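A.B. asks: Sequence below, structure please.
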Amino acid sequence: IWAFAKAGESNPKLFKKMARHIVALDNLGDFKPRNLSDILLAFAKAEESNPQLFKVVSDHIVTLDNLGGFDEQALANLVWAYAYSKESNAMLFEKVADHIAALDNREGFKPQAVSDILWAFEKAEVSHPRLFKVVADHIVTLDRGAGSPI
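C.D. replies: Numbers count the residues shown, from 1 in each chain. Model prediction:
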């Protein structure tokens, strides 16, 4: 489905069928975290609205014990898709922000992922001062040209 969105080839029937299939599943635990975020990103980029799909995925993610299986790009894609699609879910955003803020090591976060995450929080109008403080505090400690912004 991502290939269709990436190529700018929206096919509403295909997206609707894919959404119905995912929504009907008993358990989303068989999906890799990156796959879930990429599916939602595809729906967002293709501008294919499906509130039920976004709700089912967010309900699944907020029940996870932790988000350790999500790399920084999956987290960025996830919140970006929700914000862009106007399907914001405060509990999901809070879970993502709490996860990032609690990380001992954020060195792997690329500047674009950080930018996308912060943009998504602003766009979705979800406040999480601790996340923004962690990002700001880390950025001011970086040497010029050093690694990750967070």
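A.B. asks: How about the most centrally placed residue in the chain: what's its closest non-neighbour residue?
C.D. replies: Centroid-nearest residue in the chain: residue 78, 1.4 Å away (criterion: C-alpha atoms, centre = their mean). Closest residue to residue 78 apart from its sequence neighbours, by C-beta to C-beta, 6 or more residues apart in numbering: residue 37 at 4.2 Å. For glycine as for every other residue, the C-beta is placed from the backbone atoms N, C-alpha and C.
A.B. asks: Now for that neighbour, which secondary structure element holds it?
C.D. replies: helix 33-45 (DSSP states H and E).
A.B. asks: pretty sure residue 84 contacts residue 123?
C.D. replies: Yes - with contacts defined as C-beta atoms under 8 Å, residue 84 counts as touching residue 123 at a distance of 7.1 Å.
A.B. asks: Give the burial count for the residue lying closest to residue 67 once chain neighbours are set aside, as a bare number.
C.D. replies: Closest residue to residue 67 apart from its sequence neighbours, by C-beta to C-beta, 6+ apart: residue 99 at 4.2 Å. Residue 99 has 16 neighbouring residues, counting by other C-beta atoms under 10 Å.
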